[in-house]
Structure formats: C-alpha cells, structure tokens
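**Q** model the following, please.
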Amino acid sequence: MIGKLQCVVLDCHYPRGLAHFYAALLGGEVDRPDPRWSLDDEWSTVHVPGGMVLAFQRVEDYRPPMWPDPAHPQQFHLDIDVEDLDAAEARVLALGAELKDTETGWRVFLDPAGHPFCLVAATG
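**A** Below is the predicted model of the structure:
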C-alpha cells in the first residue's frame, strides 16, 4: 500500500449547500472540525457513517458534467445502495436532485451542482 484515501472532493459553486445535500442523502456530520483542513466558504465536508469523508470545493467557473454526453464526461459518479428505490427517489428529489434516467435496479440523478449519482437497489 502506498497511501490511504483521505477524502473524495467534488467541485461545485456552493460547498456548504452541497455538503448538506449529501449529509441528508447519506447521513453524517457537516463541517466537523478536522485538523487535516480548514473549513470556510471555499471548502466544506461531510464525515459519513463508516469513516469516509466527502469534501466540496468551490470553483469559480464550475461547469457540471453533462450526463451522458461523452463530450463533457462525468469523470466519476457515486453509487448508493438503497432498500426501496421508489422511497429513496422521492427523498432525493425533495432534497433537490434531478432524475435523469431509470434502469432496472438503479436510477440516475444529478445532485444540485450537476454531479451524477445512482441509487441502486440493495441486494442481500
């Protein structure tokens, strides 16, 4: 092993707002003090249950990916297991997500900053 993953960082216009979106989606604590970084209008975090940290970085000229347009690739996305797709869909839509596509077993959404994520029917 060379290193340990510190966090996953998503670019956006409004870091604190996107942090609250993901905290409502995944649980966790927004902007918990952490000696690894400072928190301000340019940077916000969510410490999710299980220890993973999502971070959100303000980018002045942020342009969201255009799913599924290969000319503007998504670069990465989050897959999130849920017990009930319909109930989870209703909740993320109420949080401000946008439904982009439905497939058997999963649904594709955009978060409020335009990053794609999928709700996936949990197995087992």
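**Q** and W106, how many neighbours?
**A** By other CB atoms under 10 Å, 16 other residues sit near W106. Any C-beta I mention is one placed from the backbone N, CA and C, and that applies to glycine too.
**Q** so what's L18 up against?
**A** 10, 12, 44, 56, 111-113 (CB atoms under 8 Å, 6 or more residues apart in numbering).
**Q** show me where this structure has its helices.
**A** 15-26, 85-95 (DSSP state H).
**Q** got the CA coordinates for the first one in CSV?
**A** Right, the one you point to is helix 15-26. Output of helix 15-26 as CSV, limited to C-alpha atoms (Å, rounded to 0.1, in the frame of the first residue of the first chain):
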residue,chain,number,x,y,z
PRO,A,15,-19.7,23.8,-1.0
ARG,A,16,-21.8,24.1,2.2
GLY,A,17,-25.1,23.6,0.4
LEU,A,18,-23.8,20.5,-1.4
ALA,A,19,-22.4,19.1,1.8
HIS,A,20,-25.9,19.4,3.4
PHE,A,21,-27.4,17.7,0.4
TYR,A,22,-25.1,14.7,0.8
ALA,A,23,-25.5,14.6,4.6
ALA,A,24,-29.2,14.3,4.1
LEU,A,25,-28.7,11.6,1.5
LEU,A,26,-26.0,9.5,3.3
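**Q** mind listing what's buried along that helix?
**A** By 16 or more other CB atoms under 10 Å, the buried positions in helix 15-26 come out as 15-16, 18-25.
**Q** likewise for the shortest one?
**A** Within helix 85-95, the residues that qualify as buried by neighbour count (16+ other CB under 10 Å) are 85, 88-89, 92, 95.
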